[in-house]
Structure formats: structure tokens, C-alpha cells
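**Student:** When you get a sec, could you give me coordinates for this:
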Amino acid sequence: MVAAPACAKKEDPGGTPAGSSVKRAPEESATRVEVAILQGGTSSRQFVRPGEVIGAREANLAAALGGYVERVLVESGQKVTKGQVIARVDSSTHAAQLGLVKVELEDAQRELERLNKMGKAIARARVDAAKTRVARAKAQQRVALNAMSRATVKAPFAGVLVDLKIEQGEVAAPGQPIGRLLVLDPIAVSVSVTDQDVHSLKLGSPVQISTAGTSVPVAGTISRIEPAADMRTRTFLVEVQAPNAERKLLPGMIATVSFQPEELGDALLLPQDLLVTNLNDNGVFVVGDDSIARWKPLELGAIVGSQVEVKSGVSRGDRIVTVGMRSLSDGDKVLIGREGICCTNGSVTFGGAIAPAKNVSDSEAKAPADSDVGKDATEGAAGK
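**Tutor:** I've put the predicted structure just below:
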């Protein structure tokens, strides 16, 4: 009887050679994410901002040269027309100076005429000196005329004079304000808006203006949009105007302005914080039935508050990644933790958790760097 070789391998009862191990294919890892079915953003788009009622036009009137206040011809609160005289300040003194300059000019002109009649009998130097005297007198006359006109304070436009600060007999300092001239019909409201809102506004767009003293909002329109932001507040100045024949709105009141930007129709809106930016594009990750994340670059349009219009790249019904997208690359396997609907007023709504994708174990799912949802789920799976 021949003995079996000592080096022969023994087989276990199950038929597997002794010393061998079963090799298994590595399980595929995935990134845990949340997704939402894209149904199109909805937004009221209307937004309300506080503002201050101001005159549609305003001017601070002043006595440019100052002096004795001879007459005040209007009262505070009175309506005035364009060019109407408000007050005369030291006008008699300026009139006297103008008279002196006029006499000097007439004398210089007579002297020049006399020398010209003498012809070559007079030295050329004397003629030139006479011409210089005439020119100087004319310049002095223009100065005196300017001073005379500024001694009379006139309304630069039609409006209502308010805050009158001078009385007859006072002495006004040069440049001292004497009152404000306002246009109250139409009236204006000054509003500060953010950079997210300013792009959705257009000149002539309708607004509604309300105050604590008005029961019915006043309809108005946007009349001015400042093209640069205030460097202190980083907001943009917007002015709206409204008819004000009954003077329901008065300067100094605090008002609320309701803006209704131009509608985008059936535009597809997406919250801006769902966008993923790479070197060349903005886009989102779309997940199909195979649980694979695919990068989709987007063509973007108008900004509407916290949302942005999507012109192309995705369509309604696509399932986009809303949490965990910044940990993904094109073609990554994903494990879906929740599925919701996108979007209502810029927010994703969820109806509850769903079953995880098949062929991917919880313990091998990667938690996204930008979400606590995946982290909690991973820790829960590890503790099992």
C-alpha cells in the first residue's frame, strides 16, 4: 500500500482546499446625498422695503452774498412759481455799486471816442489805454450785475416753500440757507435695496406705497435707480414717484414700498445655493435611476432674490442633488438619504426619508463634506 505524499493538501468537508481563502469583489462605495425632483421654482417675487418720503424735487435756497434782509415776499408753506422772488438781501447796496460801474463805463467809452476822432494826432499808447479802461469797466459791470441778481433770491422751479428761516431786518450770512423749495405733487420715496433685488427692478415698474397714515396704498412707479451702491451701506438707492394731489404723502414720513418686479412667465428658478461652480461653469449634479451623479452645466438668466433663472441644462422632472453636491465628481455613485421637491420660494421641501439605493452598504457610504445628514447616517450605520 502506497502512502499519500505528506505535501498533499487536505480538503475541508465543504470541498474547499485547506489554506485557501474566499476572494470577494470589493463593494462599491458611494457618497450619501439628498436629492430633489425639479418642478420649477415658485416665488412671490414681491418684496417690501422701508423708505422715506421726500420731495420729487428739492432745493435749499440761500442768500449767496449775504447782507441786510430788505424784504421777505413769501411765507412758509406758500406755493411759488418758477422765477418768483422769495426775498431781497442787500439789493440796494448792490444796485448802487452797479450804478457806479455804469458811470465809469460811460466815461471810459466817451474818452475812447474822443481819442479816436483825433486820429494820428494822438499817441497810440493813449488809445490803447482808453480801450483797456473800457474793457475793465465792462467786466466790472458784469460782476455788479451778477451780484445784483444774487441779491434777489428767486424760486428755481415751481413748488412749495418750507422751513423759511429769515425775517425782514435781519442780517444774513453769505450762503446762509433761508428755506427749502419742494415739489409735493408728484411726491417721491427714497428706498435702499440690496444687490440681490436691484437687478430685478426696472424704470417705470409699478409699486405700492403705504404709510401709517394711509389706509389705502398709493400706486406709483420707479423713477430712478442709482447705478452705484452707497459705499457705507452697500445698498442701492431707488426712488419711486406717485401722484399726490391730496397730499397723503408728506416729506419726512416713513413709508413702505412694495415692489413687484417684472414677471418671468414660466421661467425655471433654482436656489443659488444649490449651484456648484467649477473653473468654467455653474451647474448641478443630476442623479438618474442608476444612482450615478452626472454633472450638468447650466445657462443662467435673471436673478430673482435668492433664486436664479435657469435657461438650459436641466428640465422639470430631473432629480438634482441638494445636499452633498460639493463632495461629488461626475460619475460618482451616490446613496440617497432623502428625496424632496424643488422648490417653493427658494426652499426644498421633503416628504420623508426614502430607502437607500441597492448594492451599496450603509457602512461604506461616504459622508458629504457639506452636510451633517450623511455624517449622522454614517455614524449610525457604524454603530450597528
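**Student:** so N116, which of the three states?
**Tutor:** helix (DSSP: H, G, I helix; E, B strand; the rest coil).
**Student:** which residues does it contact?
**Tutor:** V127 (CB atoms under 8 Å, 6 or more residues apart in numbering). For glycine as for every other residue, the C-beta is placed from the backbone atoms N, C-alpha and C.
**Student:** Any idea how many residues pack against G220?
**Tutor:** G220: 24 surrounding residues under other CB atoms under 10 Å.
**Student:** in the sheet, who's paired with it?
**Tutor:** Bridge pairing for G220 (DSSP bridges) gives the partners V207.
**Student:** now the host helix or strand of Q196: mean pLDDT?
**Tutor:** Element membership for Q196 (DSSP states H and E) is helix 195-198. Mean pLDDT, helix 195-198: 82.
**Student:** Give me the distance between that helix and the centre of its chain.
**Tutor:** 4 Å (CA atoms, centre = their mean, to the nearest Å).
**Student:** what comes up buried for that helix?
**Tutor:** 197-198 (16 or more other CB atoms under 10 Å).
**Student:** can you list contacts of that helix?
**Tutor:** Taking CB under 8 Å, 6+ apart as the rule, helix 195-198 contacts 47, 49, 225, 229, 234-236, 238, 259, 303, 305-306.
**Student:** cool, and stretch 95-108?
**Tutor:** With CB under 8 Å, 6+ apart, stretch 95-108 has contacts from 130, 133-134, 136-138, 140-141, 143-145, 147-148.
**Student:** Any chance of those in JSON lines with pLDDT as columns?
**Tutor:** Below are these laid out as JSON lines (pLDDT from 0 to 100):
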{"residue": "A130", "pLDDT": "89"}
{"residue": "R133", "pLDDT": "91"}
{"residue": "V134", "pLDDT": "92"}
{"residue": "R136", "pLDDT": "93"}
{"residue": "A137", "pLDDT": "92"}
{"residue": "K138", "pLDDT": "92"}
{"residue": "Q140", "pLDDT": "92"}
{"residue": "Q141", "pLDDT": "91"}
{"residue": "V143", "pLDDT": "91"}
{"residue": "A144", "pLDDT": "90"}
{"residue": "L145", "pLDDT": "91"}
{"residue": "A147", "pLDDT": "88"}
{"residue": "M148", "pLDDT": "88"}
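**Student:** which of those residues count as buried?
**Tutor:** For these, buried by 16+ other CB under 10 Å: 130, 133-134, 137, 140-141, 144, 147-148.
**Student:** Local confidence estimate at K375?
**Tutor:** pLDDT, K375: 41.
**Student:** just S44 next, same as before
**Tutor:** In this model, S44 carries a pLDDT of 53.
**Student:** From here on, call the first residue 84.
**Tutor:** Will do, 84 is the new start, and the previous item becomes S127.
**Student:** Go through the contacts of stretch 178-191 and name the one nearest Q161.
**Tutor:** Q161 has its nearest neighbour among the contacts of stretch 178-191 in M231, at 24.8 Å by CB to CB.
**Student:** So which residues of this structure form helices?
**Tutor:** 174-200, 207-233, 278-281, 455-465 (DSSP state H).
**Student:** circling back: strands - which of the contacts of helix 278-281 land there?
**Tutor:** When the contacts of helix 278-281 are checked against strands (DSSP state E), the matches are 130, 132, 308, 319, 321, 342, 386.
**Student:** Okay, now the unreliable bits of the stretch 84-233 of the chain?
**Tutor:** Low-confidence segments of the stretch 84-233 of the chain (pLDDT under 70): 84-111, 123-128.
**Student:** Try it again at 50.
**Tutor:** In the predicted model, the stretch 84-233 of the chain carries pLDDT under 50 at residues 84-94.
**Student:** what's the distance between the longest strand seen in the chain and the middle of its chain?
**Tutor:** Using DSSP E to define each element, the chain has its longest strand at strand 113-125. Distance, stretch centre to chain centre, for strand 113-125: 31 Å (CA atoms, centre = their mean).
**Student:** before we move on, the earlier item: so which of the contacts of helix 278-281 is surrounded by the most neighbours?
**Tutor:** V321 (24 neighbours).
**Student:** Leaving out sequence neighbours, find the closest residue to that one.
**Tutor:** V274 (4.8 Å; CB to CB, 6 or more residues apart in numbering).
**Student:** Surely that neighbour and V340 touch.
**Tutor:** Yes. Judged on CB atoms under 8 Å, V274 makes contact with V340 at a distance of 5.1 Å.
**Student:** For R307, give me its contacts.
**Tutor:** Applying CB under 8 Å, 6+ apart, the residues contacting R307 are 286, 320-322.
**Student:** next one: S159
**Tutor:** 244-247, 262.
**Student:** Report pLDDT for S412.
**Tutor:** At S412, pLDDT is 89.
**Student:** residues touching it, list them.
**Tutor:** Counting by CB under 8 Å, 6+ apart, S412 has contacts 376, 378.
**Student:** Strands of the stretch 284-433 of the chain, start to end?
**Tutor:** 289-294, 301-308, 319-325, 337-342, 351-354, 359-360, 365-370, 376-380, 382-387, 390-395, 402-406, 417-427, 430-436 (DSSP state E, counting those that start in this stretch).
**Student:** I'd like to know how far the closest residue in space to G149 that isn't next to it in sequence sits from N229.
**Tutor:** In space, G149 comes closest to P257 once its chain neighbours are excluded; the distance is 3.7 Å by CB to CB, 6+ apart. Going from P257 to N229 by CB to CB, to the nearest Å gives 14 Å.
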